[in-house]
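>>> Pasting the sequence and the predicted model now:
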Amino acid sequence: MSSDAVLLLETVNFAAEKHRYQRRKDPDRTPYINHPVGVARILSHEGGVTDIEVLQAALLHDTVEDTDTTLAELEAKFGPTVARIVQEVTDDKNLPKQERKRLQVEHAPHCSYQAKLVKLADKLYNLRDLNRCTPVGWTPERVQEYFVWACEVVKGLKGTNSALEEKLEELFRQRGVQL
Ligand SMILES: Nc1nc2c(ncn2[C@@H]2O[C@H](COP(=O)(O)OP(=O)(O)O)[C@@H](OP(=O)(O)OP(=O)(O)O)[C@H]2O)c(=O)[nH]1
Ligand SMILES: [Mn+2]
């Protein structure tokens, strides 16, 4: 087996253990790990991304934000590049939600190319998920607001991966949101 395959299995297993007790907000309470796995798959299958460290960072992208995982732990286990990409896509949960959302829009254009790829795939997955079903407790207005905000973030990620950007553009167009 290739060393890349071994590395990806090690990474997906780590993410699955970390997200073990977490569920998505959909009515079925889908296991959270479906999201990071899906984000990595979007990058490889739709974005044509083969950079193993980007795919690893995609698998790990919500571990620091949403579980007890630390950046030091990621760096020790997966190296400085993977840890840095995850850091770039991690919101500071100590900040109020509005501020976190604003900072994503502000920071997007200054992210590394690798982090921009993960951010594009993360938004594409979450927007498709919103089209699939509404999270428990979300009104249609809140769903639409998420599209509007995601569009502002994606504007700052333009020129990174045309395949992913075209798919995002189509989702925004369907919602009447202009990229
Ligand atoms: N569409 C959808 N999203 C769900 C679901 N379950 C959990 N989420 C997560 O919820 C986040 C979006 O919800 P918000 O209310 O805007 O954010 P918050 O959870 O951080 O407060 C995303 O976090 P994120 O991945 O960190 O991305 P980001 O939105 O912070 O960029 C997404 O992964 C679900 O069933 N559908
Ligand atoms: Mn995510």
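Cool, got the structure. Ligands and ions are numbered 1, 2, ... in the order given.
>>> who in this protein is up against ligand 2?
Within the chain, the residues that sit near ligand 2 (CB under 5 Å from the ion) are 62, 122. From N, CA and C alone the C-beta is placed, and that goes for glycine too.
>>> At the geometric centre of the chain, which residue do we find?
For the chain, the residue nearest the mean C-alpha position is residue 122 (2.7 Å; CA atoms, centre = their mean).
>>> so which strand or helix has it?
Assigned by DSSP states H and E, residue 122 belongs to helix 113-132.
>>> picking up where we left off before, quick check: pLDDT value at the residue nearest to the centre of the chain.
On the pLDDT scale, residue 122 is placed at 99.
>>> how about the residue nearest to it when sequence neighbours are not counted, what does it touch?
Nearest non-adjacent residue to residue 122, counting by CB to CB, 6 or more residues apart in numbering: residue 39, 5.4 Å away. Contact analysis of residue 39 by CB atoms under 8 Å, 6 or more residues apart in numbering lists 58, 59, 61, 118, 121, 122, 125.
>>> Quick check: the two most widely separated of these?
59 and 125 (12.5 Å; CB to CB).
>>> In the helix holding residue 122, which residues are buried?
Residues of helix 113-132 classed as buried by neighbour count (16 or more other CB atoms under 10 Å): 114-127, 129-130.
>>> And for stretch 84-101?
Buried residues in stretch 84-101 (16+ other CB under 10 Å): 84, 85, 86, 88, 89, 90, 91, 101.
>>> need the contacts of residue 39 in JSON lines with distance to residue 161, can you?
Formatted as JSON lines, the contacts of residue 39 follow (distance: CB to CB, whole Å):
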{"residue": "58", "distance to residue 161": "13"}
{"residue": "59", "distance to residue 161": "18"}
{"residue": "61", "distance to residue 161": "16"}
{"residue": "118", "distance to residue 161": "11"}
{"residue": "121", "distance to residue 161": "9"}
{"residue": "122", "distance to residue 161": "13"}
{"residue": "125", "distance to residue 161": "14"}
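>>> which one of those residues is nearest ligand 2?
residue 122 (4.3 Å; CB to the ion).
>>> Pretty sure that closest one sits against residue 90.
No. Residue 122 lies out of contact with residue 90 (CB atoms under 8 Å); the separation is 11.3 Å.
>>> Is residue 91 part of a helix or strand, or is it coil?
Using DSSP: H, G, I helix; E, B strand; the rest coil, the secondary structure recorded for residue 91 is coil.
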